[in-house]
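Trainee: Have a look; sequence and predicted model below, questions after that.
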Amino acid sequence: MATSKVTLSPEFETEVLKYLCQTKHAKIWLPQMTDQNFDNPDNQIVFQLLKDFSAKYNSIATFNEMMEYFEIQSAKQNLKQDVINVIKRAIRISYKPLGGNVEFVQEQIVTFLKRKMMKILIQKNADKIRDGDNEFFDYLNKETEKIVRIGDIDMEAPEDTLVFEDYNARVKKNLPVFPTYIHGLNRFTAVGGFRCPELIIFLAGPKSFKTGLMLNIAVDYAQSGVPVYYIDCENGEDAIDDRIHQAMLKCTYGEYKKGVYKKELKSINARSKSFGGEIAYGYYPANTCTVNDVVNRLDLLKEERGFIPKIVFWDYPDLFLPIDKSIKEKRLISQAVYHDIIKFNKKRSTCSFGVSQTNRVAFDKKFISAKDFGEDFGKAANCHASFALCRTAEEKAEGFGRLEPVVQRMGVSAGKGRSVLLKIEEDRMLVEEQSYSDAVEKAQKRIQAGDDD
């Protein structure tokens, strides 16, 4: 039955209160909640005691501290003994061990707070919507984005670090960096490659060989001893399987299907496996799956096959739905999915590569910028780094492409002349770094050959 109140269900209140009383993350939520979020009067009192204690002492009260704090407050208010007994009982219940799924409780708190804040935003501005100007709607947009980001807090994040105190521990901690086989791309970055929990986006126009680039990087990682997982949303399992093997052999589809390089393929498989590398792939229907579907499939792969990826490829993130199903606006959907992937990376200790399509204005542009992200410029701010695969019509005809930095939190900034030239042969699934001197030499040879004709 529908209710006019935005509140927690009575059956769920006790679990939420137990979560707030017993977890270190309660300090995140307490300032955003009020006692009116609870229907049970006893729960309201315990919550307010907990919130007051946290605000005064900047910590979550233990059971003994809460009981003592309540004794002090009850004495000040001259509460009757029967009331004191009822509240003490509620406190004891709130500190009993959590019986439910902590992650589920967190998700429900996030959902509740989003509903509550959205209701308040609408109530405060309902009378202004009809005559609102651009500035007013920009304000609404910013406030809505704040609400969407409520769930972006990483509950599994490690404790904060003291730079001086924790120096030795940080030096000893080996955070792996995964360079690609494209050395020019690595040079764009601050650390010479990519690492957890980064989300790296390759931006390109339609039919620019985005998937080909991703598969080449994935295959090279796997052959170098890194287990990778490739997520496909639109090609299909057979197509991805064929293209992976083509990328391994650098051969045409016909050559692969005829078994021309059967011995070479067997040798590559054996060598890659001996190094510890593997590439797994899975098909996820577009616009129906969330990051949680990937989590479930990877859990199954770990349990049944012992496969744990270190790098994940998303082809592509814009075809996923956010975990938070209440997000409906298209541009906010893409931003939420990016955040879901970054959270996934943190929990799984992985880094991720994905692709995104440019808008129509950028099609066939010589230089692609952050403004050319399809549908939403905000995506550029949410990924850790983005690189454009630029290919004009002339470059496609000549079998070339360029990787250009678009935006990075660390590393080389965007700018003309900062590019990596790629040799691209689509029929052979080949993407190789190319020096400009070699490209000029080949062009001269073609010109000379044409003159001879």
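Mentor: Noted; the coordinates are in hand.

Trainee: List the contacts of residue 16.
Mentor: Residue 16 is in contact with 8, 38, 105, 108, 109, counting by C-beta atoms under 8 Å, 6 or more residues apart in numbering. For every residue, glycine as well, the C-beta is placed using N, CA and C.

Trainee: tell me which element it falls in.
Mentor: Taking DSSP states H and E as the criterion, the element that holds residue 16 is helix 10-22.

Trainee: how distant is that helix from the center of its chain?
Mentor: 29 Å (C-alpha atoms, centre = their mean, to the nearest Å).

Trainee: circling back to that earlier point, least confident of the contacts of residue 16?
Mentor: Of all the contacts of residue 16, residue 8 carries the smallest pLDDT score, 68.

Trainee: beta partners of residue 315?
Mentor: residue 232 (DSSP bridges).

Trainee: That one - how many residues pack around it?
Mentor: By the measure other C-beta atoms under 10 Å, the count of residues near residue 315 is 23.

Trainee: about what we covered before: using the neighbour-count criterion, name the buried positions in the helix holding residue 16.
Mentor: Buried positions in helix 10-22, judged by neighbour count with 16 or more other C-beta atoms under 10 Å: 12, 13, 14, 15, 16, 17, 18, 19, 20, 21, 22.

Trainee: That one - what's its average pLDDT?
Mentor: Taken as a whole, helix 10-22 has a mean pLDDT of 83.

Trainee: Just the angle for whichever helix or strand residue 118 is part of relative to helix 10-22, thanks.
Mentor: When secondary structure is defined by DSSP H and E, residue 118 falls within helix 102-125. Helix 102-125 runs at 110 degrees relative to helix 10-22, counting by axes from the mean of the first three to the mean of the last three C-alpha atoms, to 10 degrees.

Trainee: quick one: the helix or strand just after helix 102-125 to chain centroid distance?
Mentor: Elements were assigned by DSSP H and E; along the chain past helix 102-125, the next helix or strand is helix 134-148. Going by C-alpha atoms, centre = their mean, the spacing between the C-alpha centre of helix 134-148 and its chain's C-alpha centre is 23 Å.

Trainee: now for helix 134-148, which elements pack on it?
Mentor: Applying 3 or more C-beta pairs under 8 Å, 6 or more residues apart in numbering; DSSP states H and E, one finds that helix 134-148 makes contact with helix 102-125, helix 330-348.

Trainee: Give me the buried positions along that helix.
Mentor: Neighbour-count burial for helix 134-148, with 16+ other C-beta under 10 Å as criterion, is recorded at 143, 144, 147, 148.

Trainee: Over to stretch 32-42?
Mentor: Along stretch 32-42, the positions that meet the burial threshold by neighbour count (16+ other C-beta under 10 Å) are 33, 37, 38, 42.

Trainee: mind checking how far that stretch is from the chain centre?
Mentor: Average the C-alpha atoms of stretch 32-42, do the same for its chain, and the two points are 33 Å apart (C-alpha atoms, centre = their mean).

Trainee: just stretch 65-74 next, same as before
Mentor: Relative to the chain's own centre, stretch 65-74 is displaced by 43 Å; criterion: C-alpha atoms, centre = their mean.

Trainee: again with stretch 41-48
Mentor: Here the centre of stretch 41-48 is set off from its chain's centre by 37 Å, with C-alpha atoms, centre = their mean.

Trainee: just stretch 402-411 next, same as before
Mentor: Relative to the chain's own centre, stretch 402-411 is displaced by 18 Å; criterion: C-alpha atoms, centre = their mean.
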